[in-house]
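# no letters, just coordinates:
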Ligand code: ADP
């Protein structure tokens with residue numbers, strides 16, 4: 001039987017930490033569905049379509065990886081994808097509390113659902129999407145933290161944002 005896992009997340013943006021988890025999980029699962037969550041409560045830098053598109057580019061030559069997005073309950077989405085395995089990454093003790101709560105909540109919704117955690121390699125423990133956004137916004141390079149396509153898109157996006165707000169500032173000062 002083929003083992004498929006759903007790897008859900010915000011991936012805003014997709015980082016080398018996410019990549020590390022997927023590369024290692026590919027040795028455990030036959031197929032991994034990387035699925036971008038529509039999370040209305042989170043303010044994101046990239047749209048769902050942009051995130052899906054970037055992740056698709058990263059895995060374009062890899063038939064083991066499917067890239068998708070989902071709305072609503074993860075348990076329902078997993079059913080739709082005909083799997084009962086969720087994959088999550090664990091960086092530190094601070095991830096543990098949240099991840100455990102989510103795993104238990106999902107299990108109460110579907111007792112057959114299993115959440116599999118992979119502990120990140122030590123080189124990636126400090127990498128988070130929010131840290132990367134901060135570095136790039138402040139003019140730093142995220143080249144060593146994210147895949148190349150993500151870095152290019154991040155710079156484009158954040159520089160455009162800064163350009164827009166400085167134009168706005170200039171207009172405000174001039175008015
Ligand atoms: P979410 O908003 O669902 O937490 P993220 O994109 O932040 O989405 O994370 C998706 C998953 O990847 C989570 O399980 C998270 O713990 C894991 N993850 C995030 N960054 C790393 C990293 N640097 N190393 C390993 N796992 C990570």
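Arrived safely. Predicted, not measured: the structure shown is a model, and the values here were computed from it.
# show me the shaky parts of this structure.
Residue ranges of the chain with pLDDT under 70: 162-175.
# shouldn't residue 8 be within a helix?
No. Counting by DSSP: H, G, I helix; E, B strand; the rest coil, residue 8 is not found in a helix; it is strand.
# tally of neighbours for residue 92?
The local packing of residue 92 (other CB atoms under 10 Å) involves 10 other residues. The C-beta positions use only the backbone N, C-alpha and C, and glycine is treated the same way.
# can you show me the strands along the chain?
For the chain, strands defined by DSSP state E occupy the ranges 4-9, 31-37, 65-70, 85-90, 114-119.
# hey, what's the angle from the fourth one to strand 4-9? Just curious.
Read it as strand 85-90. Between the axis of strand 85-90 and that of strand 4-9 there is an angle of 40 degrees, by axes from the mean of the first three to the mean of the last three CA atoms, to 10 degrees.
# the helices in the chain, which residues?
If DSSP state H is used as the criterion, the helices of the chain fall at 16-25, 48-58, 74-80, 93-109, 129-137, 148-174.
# nearest to the ligand, of those?
Across those, the ligand has its closest neighbour in helix 16-25 (2.0 Å, CB to the nearest ligand atom).
# the closest one: which residues count as buried?
Buried positions in helix 16-25, judged by neighbour count with 16 or more other CB atoms under 10 Å: 16-22, 25.
# same check, this time on stretch 37-51
37, 44-46, 48, 50-51.
# okay if I get those residues as a markdown table plus distance to the ligand?
Converted to a markdown table, those look like this (distance: CB to the nearest ligand atom, whole Å):
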| residue | distance to the ligand |
| --- | --- |
| 37 | 6 |
| 44 | 10 |
| 45 | 12 |
| 46 | 11 |
| 48 | 13 |
| 50 | 14 |
| 51 | 9 |
